[in-house]
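Enquirer: could you work out the structure for the sequence below:
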Amino acid sequence: MTDKSSRRNVDEGTYTQFLYYWFRHLQMNADYHQYCAARRNGDTATCTKLEAQFDKIALIYNDWGDIYFFIDGTPINGEEGWAKWLETHIHLFWLRDPKAEAISNPLSHNILPGHLLIDVSLTQHKSDVLKMLKDLIDQHYDESKVEGAQLARYPLHNPHGKLNKAALVGVKKAFFVGLVTENGKNDKQRYGRKKWGHYDTALTICEAENHDLGGFSFNWTLTEAQKQAAESDDVNLMELGIDDRVKQVRDYLNIFEAHVRNTIHGKFPCKDCF
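Expert: Predicted coordinates for the structure are as follows:
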């Protein structure tokens, strides 16, 4: 699939958000997390085991790297960490329209594959400068050219051009459900739960509807009676009357888990998203 076909009818902002969620889902893949830790710690036995289990994991690591820590040891967290990571990995997803530009700060400039950074003197006549440029490009073109540069190495899965804002909302909702579920299981005591299930996730999302969820809503509201019942110490969540939302939680979790599984095979989003 070419870069242009995967981005057909998708504005760059929406496409970039899909990439952000691809990154976040890969971060939540337990096998990739283990692989990055093994590479970081020189655990060759674990690396070999995971490479035998997942045929693309080493390739993904070579391209994506350790997506949990930067080289200096700084954790890669939140949208700020993602944006910094993307600066040096944007070529994996698309190559921007070909162009030539003046680089004001070459020390901080990231040279992408298929690009050549040139220092040229402008003290000569224009025709002489153009000749120098031509000779230099002729000399380095073959060694710097990237074959198949029109192809993104990691195009988004976009069947029938359905990669749109509606599909993005579905990805966001599934991810939010997965995040609430994972956080609940890992911190049951903070929520006052002995164990965590789908009803707990559904109720937490109902209560979160009063806050900004990042431009989307489940439209899951509680009646006053339900709110009072939910605050009771001996509440039976199965009697709250939120069974329809619990079913949606199950559906969203299935999509979330499929997304997480697919990332270790270099694919996103999963076909069930559409």
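Enquirer: where does the stretch 101-250 of the chain dip in pLDDT?
Expert: Low-confidence segments of the stretch 101-250 of the chain (pLDDT under 70): 108-113, 144-151, 159-161, 188-193, 209-215, 233, 235.
Enquirer: break down it into its helices, ranges please.
Expert: Assigned by DSSP state H, counting those that start in this stretch, the stretch 101-250 of the chain shows helices spanning 126-144, 165-186, 198-208, 224-230, 243-263.
Enquirer: give me the residues contacting the shortest one.
Expert: Read it as helix 224-230. With contacts defined as Cβ atoms under 8 Å, 6 or more residues apart in numbering, helix 224-230 is touched by Leu203, Glu207, Leu222, Val235, Leu237, Glu239, Leu240, Gly241, Ile242. C-beta: built from backbone N, CA, C; applies to glycine.
Enquirer: could you provide the helices of the stretch 101-250 of the chain in CSV, with additional columns for distance to Tyr154 and mean neighbour count?
Expert: Formatted as CSV, the helices of the stretch 101-250 of the chain follow (distance: least, Cβ to Cβ, whole Å; neighbours: other Cβ atoms under 10 Å):
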stretch, distance to Tyr154, mean neighbour count
helix 126-144, 22, 11
helix 165-186, 16, 18
helix 198-208, 30, 20
helix 224-230, 42, 13
helix 243-263, 10, 18
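Enquirer: mind putting those into JSON lines with distance to Glu101?
Expert: JSON lines is the format used below for the helices of the stretch 101-250 of the chain (distance: least, Cβ to Cβ, whole Å):
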{"stretch": "helix 126-144", "distance to Glu101": "14"}
{"stretch": "helix 165-186", "distance to Glu101": "31"}
{"stretch": "helix 198-208", "distance to Glu101": "44"}
{"stretch": "helix 224-230", "distance to Glu101": "57"}
{"stretch": "helix 243-263", "distance to Glu101": "33"}
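Enquirer: list buried residues within the contacts of helix 224-230.
Expert: Using 16 or more other Cβ atoms under 10 Å as the burial test, the contacts of helix 224-230 include Leu203, Leu222, Val235, Leu237, Leu240, Ile242 as buried.
Enquirer: so the second one is in contact with Cys206, correct?
Expert: Pointing back at Leu222 there. Yes - under the criterion of Cβ atoms under 8 Å, Leu222 makes contact with Cys206 at 5.1 Å.
Enquirer: got any residues that touch both of those two?
Expert: Counting by Cβ under 8 Å, 6+ apart, the shared contacts of Leu222 and Cys206 are Ile242.
Enquirer: which residues touch Gln124?
Expert: Counting by Cβ under 8 Å, 6+ apart, Gln124 touches Met132.
Enquirer: domain map for this protein?
Expert: If you go by automatic domain parsing, the domain ranges for the chain are 106-144, 160-273.
Enquirer: right, and these - which one's nearest Glu12?
Expert: domain 160-273 (12.4 Å; Cβ to Cβ).
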